[in-house]
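Student: With the sequence up front, the predicted model follows.
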Amino acid sequence: MAGIKALVGLSFSGAIGLTFLLLGCALETYGVYWPMFVLIFYVLSPIPTFISRRLSDDSESSNACRELAYFLTTGIVVSSFGLPIVLARTNTIKWGACGLVMTGNAVIFLTILGFFIVFGGGDDWSWEQW
Amino acid sequence: MAGFLDNFRWPECECIDWGERRNAVASIVAGVLFFTGWWIMIDAAVAYPTQEQMNHAFHTCGVFSTIAFFMINAVSNGQVRGDTYGEGCMGRTGARLWLFIGFMMMFGSLIASIWILFGGYVVPKKEVAPGLAVFFQNAFIFFSTLIYKFGRTEDLWG
């Protein structure tokens, strides 16, 4: 395993990202909780990569399944930024909340990327690692 | 005069090895474009909910573009050339027909979106934002398809 420090650092940045999201909902000037729906995108975003790594054994060479996983993951990330923007444009949430949510998005996705970089490149990518 | 740019070379950028990562970059760019197109349409649908501002039938273009994206990218270039082993559903001719129909749907949706923009919004002098949204959705999906289809090289597949 790549180390406790990396794990603690990533969990800290994850908490910071969720804090931004929660601030965007819970501050008194904002007060609406619609932005919490981006949590769905946070949960969905690693899934295509997990599935493609599970299905194909070679970790280095590119293949169509991995590229489809990149495509879908990018789509999920774009959607998590698109949702606050659409909500803000219809004045369901304020633009300040939108900005906080997008900051939280960026931090969370960098955290997830960090997880994949630090903990993802195992020799045998199998469920027994868990 | 002809060929005077032949010896022009971009400044060397050796920082990133584009060769190995070309497929990943193309997939990511295609993903950004495709989903940005859809979110532009979602935004327009939310901001202009009435039938007069944006006829709900205009969603058809985006749906057909998406179907065309998946049709075009379902066949690999190798199958169209006839390189792969095995017959598949109808062999090389079937792959070519599938690709042909997919591209026709894609071009048709793009042309339809341009028609909608000009015929439905610019000429009658209505508020043009929904028409622009339909056009940009289909244009983004079109370019996303091209990048996903032709921006990746199958040589990198193991």
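Tutor: Yep, that arrived.
Student: State the helix or strand in which A:C98 lies.
Tutor: Assessed by DSSP states H and E, A:C98 sits inside helix A:95-119.
Student: Can you get me the centre-to-centre distance for the helix or strand harbouring B:K149 and its chain?
Tutor: If you go by DSSP H and E, B:K149 is part of helix B:129-150. In terms of C-alpha atoms, centre = their mean, to the nearest Å, the centre of helix B:129-150 is found 6 Å from the chain centre.
Student: ditto for stretch A:105-114
Tutor: Distance of stretch A:105-114 from its chain centroid, counting by C-alpha atoms, centre = their mean, is 5 Å.
Student: residues in chain A within reach of chain B, list them.
Tutor: Taking C-beta under 8 Å from any C-beta of the partner chain, the part of chain A that reaches chain B is made up of A:58, A:60-64, A:66-68, A:70-75, A:78-79, A:82, A:85-86, A:89-90. In this view, the C-beta of every residue, glycine as well, is placed from N, C-alpha and C.
Student: List buried residues within those.
Tutor: Buried subset of the residues of chain A next to chain B (neighbour count, 16 or more other C-beta atoms under 10 Å in any protein chain shown): A:62-64, A:66-68, A:70-75, A:78-79, A:82, A:85-86.
Student: What about B:E52? Give its phi and psi, please.
Tutor: Dihedral angles of B:E52 (phi, psi; degrees, to the nearest 10) stand at phi -70, psi -40.
Student: circling back: so of the buried ones among the residues of chain A next to chain B, which ones are in helices?
Tutor: Cross-referencing these against helices under DSSP state H gives A:64, A:66-68, A:70-75, A:78-79, A:82, A:85-86.
Student: nearest residue to the residue most central in space within chain B other than its sequence neighbours?
Tutor: Centroid-nearest residue in chain B, with C-alpha atoms, centre = their mean: B:F142, separated by 2.2 Å. Among residues not flanking B:F142 along the chain, B:L110 sits closest, at 5.1 Å (C-beta to C-beta, 6 or more residues apart in numbering or on different chains).
Student: which non-adjacent residue is nearest residue 24?
Tutor: Let's take chain A. Computed as C-beta to C-beta, 6+ apart, the closest residue to A:G24 that is not its neighbour in sequence is A:L100, at 3.5 Å.
Student: should've been chain B
Tutor: Spatially, and ignoring its direct neighbours in sequence, B:A24 is nearest to A:Y70 (5.7 Å; C-beta to C-beta, 6+ apart).
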